[in-house]
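Student: Turn this into a model:
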Amino acid sequence: MRIIHILLAAALLSLTACASAKPRETPPLSVTGAMAGETVFLVPGQMLVVTLPANPSTGYSWKADEIPACIRAVGGGEYRPDPTRIDMPGAGGAVVWKFRAAAEGSGVLRLTYLRPWEHGVPPMQAVEYTLNCKKNK
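Tutor: Numbering: from 1, shown residues only. Coordinates of the predicted model:
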C-alpha cells in the first residue's frame, strides 16, 4: 500500500511539472550589415539582433530611421569594442540593436550611419531589412 502512495505522488509531481513547463521561446534572430536588403521572418515575441560595424571615435553613429509597427526597439544601439583591439585607441567595434516582434505585420527597418550634427549630408552608410512578422501555424 505504501508503494502505491509513493508511485501516485511521483506521478502527480511529474504531471504538475509537465503542466507548468513554459512553452519554448523562439530563439533570437541575428542579422549583420552584410545581410542588408534581405527579408527577415519573425514571430511575435521573437527578438531581432542587428549587429553593425561602428567606430564612435569618427563621430559617426547608427540611427534607427525607420522602424515598422510590428517591432519595438529594446533600448538603443549599444556599442561593443572589438575585443581583439581593446588596447588600440580609436579602434572600431560594433553596435548592437535589439528589437522584439510585437505584432503581426510587415515593413522596412532602416538604420543609417551618420554624424548627427551634419545636417543635409547623406549618411555614410544605410542598411534596410524587410521584416515579415507572422505567427507560426
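Student: Between the two ends of stretch 52-63, how far is it?
Tutor: Taking Cα to Cα, to the nearest Å, the first and last residues of stretch 52-63 lie 11 Å apart.
Student: Tell me how far it lies from the chain's centre.
Tutor: The chain centroid and the centroid of stretch 52-63 are separated by 19 Å, computed with Cα atoms, centre = their mean, to the nearest Å.
Student: Any stretches of this structure with poor pLDDT?
Tutor: Along the chain, the parts satisfying pLDDT under 70 run over 1-24, 137.
Student: Which parts of it are helices?
Tutor: Here the chain has its helices, by DSSP state H, at 2-20.
Student: quick one: the closest residue to Tyr79 other than its chain neighbours from Pro53, how far?
Tutor: Distance criterion Cβ to Cβ, 6 or more residues apart in numbering; nearest residue to Tyr79, sequence neighbours excluded, is Val95 at 5.2 Å. Yep, even glycine has a C-beta here, placed from its N, CA and C like the rest. Val95 sits 8 Å away from Pro53, going by Cβ to Cβ, to the nearest Å.
Student: okay, these two: which has more neighbours?
Tutor: Using other Cβ atoms under 10 Å as the criterion, Val95 and Pro53 rank with Val95 on top: 21 against 15.
Student: quick one on the thing from earlier: wait, doesn't the residue nearest to Tyr79 sit right on Val49?
Tutor: No - the pair Val95 / Val49 is not scored as a contact, 11.2 Å apart, by Cβ atoms under 8 Å.
Student: Since that was my last question, I'll sign off now.
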